[in-house]
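1. Based on what follows, work out the 3D shape:
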Amino acid sequence: MDPLTCPKCRSQFVRRVGRDGAVERLLSVAYVYPFRCQICELRFKRLRWGERYVRVELDRRDFTRVPTAIWAAVVWQGRQSQGTVRDLSVAGCWLEIDAPIPVGELLRLTLEPEDEAPIHVEVAEVRSVQGGRAGVRFVRVEPVHRERLCQTVADLLTAAPPASPPG
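-> Numbers count the residues shown, from 1 in each chain. As a prediction, this is how the structure comes out:
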């Protein structure tokens, strides 16, 4: 079977994602499954004749988190803090931070990858908090910064691909 690539950006970093609705469940009987590009975020379906995917509930994310250590400036409600991004995807990150931030809080982030220009996330939402870490979803990123974020994630995926691809 030919390797999966994204039809939009031709990236090889695609991940099978959960089925949405009755149509996708029905299509899976005919070996047509939904996938998500980890770089450009495109969700698409592909025929994978003869392949059956087992439903895994442990990780329902559409995007692979890539381990990293990127410094980040965090601003919310007039407060400023700094932290370290420990996991990164094009949709969000796992942020280690020294200040407590409540779930639901909206943030502005500046990620500073080594030897690269800063990446500004205009709006991010805190989705979960555990100790000194916060799970953050990127809500609004300007196109120029989105492109650089996608390139940073692609570089991280290329440098250290997952040990066992999901699916």
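2. Report all helices and strands that the helix or strand hosting A124 contacts.
-> Element membership for A124, per DSSP states H and E: strand 119-130. Packing partners of strand 119-130 (3 or more C-beta pairs under 8 Å, 6 or more residues apart in numbering; DSSP states H and E): strand 106-112, strand 133-140, helix 143-159. (C-beta placed from N, C-alpha, C; glycine too.)
3. Determine which of these approaches P67 most closely.
-> helix 143-159 (8.0 Å; C-beta to C-beta).
4. what does that closest one contact?
-> By C-beta atoms under 8 Å, 6 or more residues apart in numbering, the residues outside helix 143-159 that reach it are 11, 13, 38-40, 64, 66, 68, 70, 88-90, 111, 113, 116-117, 119-121, 138, 141.
5. how about a cut-off of 7 Å?
-> Contact with helix 143-159 is made by 11, 13, 38-40, 66, 68, 88-90, 113, 116-117, 119-120, 141, as judged by C-beta atoms under 7 Å, 6 or more residues apart in numbering.
6. thinking again about what came up before, tell me the buried residues in the strand holding A124?
-> By neighbour count with 16 or more other C-beta atoms under 10 Å, strand 119-130 contains the buried residues I119, H120, V121, A124, E125, V126, V129.
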